[in-house]
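Novice: dropping a prediction and its sequence here:
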Amino acid sequence: MQKIKQVIPNTITSLNLLSGCIGIVLAFNNQLEYAAAMIWIAGLFDFFDGFSARILKVSSEIGKQLDSLADMVTFGVLPGVIIYQLILQQQADTGWSEYIAYVAFIITIFSAIRLAKFNIDTRQSDTFIGLPTPANAFCISAFPWILSNPHVLSNEQLILGLIVYTLVFSWLLVADIKMLALKFKSFDWSTNKARWIFIALSLVFIAFFQVIAIPLVIVLYIFISVIYNSLSHHP
């Protein structure tokens, strides 16, 4: 029975990995909106594999490693491919070299470093050090939807924006900055102020801005994390 219990979380993790693989195929076929949706589907599996492991009270080293490898594909490789394809789409009508699109895979490299650091860093139980890879992937997932709508930016400006995003967020992935972990040990206000404020403001952003709210929510998450950790060190 115990062995059956251990299989359940690993199966859900494998579905996370499968979602990432499907997303990569969709991205290379320029079906970027569907590829972006696979990030969110994988995110659900990523949540439920840990949730099921806690409910079933099972944990294994192979499960931890499988989870990290699945996250690498879904939240590291797939976002890099989406950025790569978006840059290529804008590059066609500009004087930019097509090789500039390979900058996108800096996201993939730094995601790998971020996950490797997480695996060996004992400080990341109640907080994260650096931006979590799923948060970065969720942010990138909004770009195909946003850019499919009419906008006033030129192709050159869009490429530059995507490159700047790639460089800044790659740094955030490995930066020695404490980020808020959205794990509730209790639901009282006093110990979860930052979490409740983040959730409330996120819902407001989503209600007003819809898909554009996704990058705003990630920026909000970074901002609240920095303010919260700064205040917690200054009584």
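Specialist: Thanks, I have the structure now. Keep in mind that what you see is a predicted model, and the values were worked out from it rather than measured.
Novice: only C-alpha atoms for contact and neighbour calcs from this point on.
Specialist: Noted.
Novice: which pLDDT value goes with Asp188?
Specialist: pLDDT, Asp188: 66.
Novice: now Asn16: closest residue in space, sequence neighbours ignored.
Specialist: Distances taken as CA to CA, 6 or more residues apart in numbering place Ala42 nearest to Asn16, at 4.5 Å, with adjacent residues excluded.
Novice: helices of the protein, residue ranges please.
Specialist: Assigned helices in the chain, in chain order: 2-28, 32-56, 61-72, 78-91, 106-120, 133-141, 143-147, 155-174, 193-209, 213-232 (criterion: DSSP state H).
Novice: so for Glu98, which of those helices sits nearest?
Specialist: helix 78-91 (6.5 Å; CA to CA).
Novice: residues touching that closest one, excluding its own?
Specialist: 20-21, 23-24, 27-28, 30, 32, 35-36, 39, 97-98, 100-108, 137, 140-141, 144, 155-156, 158-159, 162 (CA atoms under 8 Å, 6 or more residues apart in numbering).
Novice: same question, stretch 97-115
Specialist: Here stretch 97-115 has contacts from 68, 72, 75-77, 79-81, 83-85, 87-88, 91-92, 130, 132-133, 163, 166-167, 169-171, 173-174, using CA under 8 Å, 6+ apart.
Novice: got a quick ChimeraX command for the buried subset of these?
Specialist: Only the buried entries of the contacts of stretch 97-115 go into this ChimeraX selection, using 16 or more other CA atoms under 10 Å:
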select :68,72,75,76,77,79,80,81,83,84,85,87,88,91,130,132,133,163,166,167,169,170,171,173,174
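Novice: relative to Val152, how far out is the residue nearest the centre of the chain?
Specialist: With distances taken as CA atoms, centre = their mean, the residue of the chain nearest its centroid is Pro134 (2.3 Å). Noted for Pro134: a distance of 29 Å to Val152, by CA to CA, to the nearest Å.
Novice: if I look at Ala35, how far off is Thr122?
Specialist: In terms of CA to CA, Ala35 sits 33 Å off from Thr122.
Novice: neighbours around Arg114, how many?
Specialist: Arg114: 24 surrounding residues under other CA atoms under 10 Å.
Novice: same thing with Thr94?
Specialist: Using other CA under 10 Å, Thr94 has 12 neighbouring residues.
Novice: could you find the closest non-adjacent residue to Cys139?
Specialist: Pro215 is the one closest to Cys139 (CA to CA, 6+ apart), at 4.9 Å.
Novice: with Ser60 instead?
Specialist: Gln6 (7.7 Å).
Novice: ok, that neighbour to Pro79 distance?
Specialist: Where Pro79 is concerned, Gln6 sits at a distance of 29 Å (CA to CA).
Novice: low-confidence ranges, the protein, go.
Specialist: Along the chain, the parts satisfying pLDDT under 70 run over 1-3, 123-126, 183-191, 231-235.
Novice: wait, the residue nearest to the centre of the chain sits on Met72?
Specialist: No - with contact defined as CA atoms under 8 Å, Pro134 does not count as touching Met72 (9.7 Å).
Novice: pull the number of nearby residues for the nearest residue to Asn229 once chain neighbours are set aside.
Specialist: Of all residues not flanking Asn229 in the chain, Lys178 sits nearest, at 6.8 Å (CA to CA, 6+ apart). Neighbourhood size, Lys178 [other CA under 10 Å]: 20.
Novice: isn't Lys178 right up against Pro132?
Specialist: No - counting by CA under 8 Å, Lys178 sits too far from Pro132 to count as a contact (10.4 Å).
Novice: dump the residue contacts of Thr133.
Specialist: 71, 75-76, 111, 114-115, 173.
Novice: got the residues you listed as a markdown table, with distance to Glu61 columns?
Specialist: Compiled in a markdown table, these are given as follows (distance: CA to CA, whole Å):
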| residue | distance to Glu61 |
| --- | --- |
| Asp71 | 16 |
| Phe75 | 21 |
| Gly76 | 21 |
| Ser111 | 21 |
| Arg114 | 19 |
| Leu115 | 15 |
| Leu173 | 24 |
